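**Student:** I need the structure of the sequence given here:
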Amino acid sequence: MAQANDTFVTGSTVNLTSHSPTGTNPGTSWFVSISGGQINDVVTANNAQDATGGNGNRYTMSDDLGTDQLQVQADITATGANFLFPGVQAQMPASAGTTGIEFTFQFSGTTSGKWDLADGTTSSSLTDTWPGGTVTMKLVVVSGVATGYVNGVAKVTLNTTAKSGNNRCGIMAGNFTGASNLITMDNYQSQSVATSYYSSLSILGVG
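**Tutor:** Numbers count the residues shown, from 1 in each chain. Got it, this is the predicted structure:
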């Protein structure tokens, strides 16, 4: 099982592209996925934060996990506002320019919005409210099925093979509010998964 993680511990505030991942089984590096990127790794809080209010802020961990059967998660806080969409990504390509499968919460107000799972062509969503506090968002993609979990509870699923063959994961701190530092991300984990493992969990009704 290949892993590429990051606890965002740093000695200085730098853009994520200049940060060396830390923690157990750290990844190698980050690169901007698409449309610029302004996520800073913040020294005082040891987490990643959006540094602009006008960017999708999509980043990919550079490590090839050896398979497109993947899971990725991060602990996220958000000061809710319309046009804010934090989340995680899987089946990301090896170079910048296109997105993978994205699991986000798309705010339409301070707490209102929807969980959204999209592959660039099709999507699945669930109207809901942001739980508040630190929220663990996890995306699992196995055997053509993507599932988005929130604090361990499955929220949305999407049948998709649109991004098959891409073996990387990432994060996004989408922010078009005009204000910055509304999202924090910590304890990023990405890894390859065994199809048989998730098949057995599905039989047991566990996600």
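
**Student:** tell me which residues form a beta bridge with Phe85?
**Tutor:** With DSSP bridges applied, Phe85 shows beta-bridge pairing to Gly174.

**Student:** gap between it and Gln106?
**Tutor:** 5 Å (C-beta to C-beta, to the nearest Å). Using the backbone N, CA and C atoms, a C-beta is placed for each residue, glycine as well.

**Student:** Kindly report the same for Arg58.
**Tutor:** Distance of Arg58 to Gln106, computed by C-beta to C-beta: 14 Å.

**Student:** Tell me which of these two has more neighbours.
**Tutor:** Set side by side, Arg58 and Gln106 show more neighbours around Arg58, with 24 against 18, by other C-beta atoms under 10 Å.

**Student:** My guess is Gln73 contacts Gly87. True?
**Tutor:** No. Contact between Gln73 and Gly87 fails when scored by C-beta atoms under 8 Å: they sit 10.6 Å apart.

**Student:** Distance check, Met137 against Asn151.
**Tutor:** Met137 sits 9 Å away from Asn151, going by C-beta to C-beta.

**Student:** Sorry, slip of the keys, the one I care about is Met92.
**Tutor:** Taken as C-beta to C-beta, the span from Met92 to Asn151 is 24 Å.

**Student:** Ala45: helix or strand, and which one exactly?
**Tutor:** Take DSSP states H and E as the rule and Ala45 turns out to sit in neither a helix nor a strand.

**Student:** Name the nearest residue to it, sequence neighbours excluded.
**Tutor:** Distances taken as C-beta to C-beta, 6 or more residues apart in numbering put Thr184 closest to Ala45, at 6.9 Å, once the chain neighbours are dropped.

**Student:** For the one you found, give me its contacts.
**Tutor:** Ala45, Asn47, Ala48, Gln49, Ile76, Thr77, Ala78 (C-beta atoms under 8 Å, 6 or more residues apart in numbering).

**Student:** Go through these and say which is closest to Asp68.
**Tutor:** Here the nearest of the contacts of Thr184 to Asp68, counting by C-beta to C-beta, is Ile76; it sits at 23.6 Å.

**Student:** where in the chain is pLDDT low?
**Tutor:** Applying pLDDT under 70 to the chain flags residues 195-207.

**Student:** Pull the contacting residues for the residue positioned nearest the centre of it.
**Tutor:** By C-alpha atoms, centre = their mean, the chain has its centre lying nearest to Val88, at 1.1 Å. For Val88, the contact set (C-beta under 8 Å, 6+ apart) comprises Val72, Gln73, Ala74, Glu102, Phe103, Met137, Lys138, Leu139, Cys169, Gly170, Ile171, Met172.

**Student:** I am finished for the moment; much appreciated.
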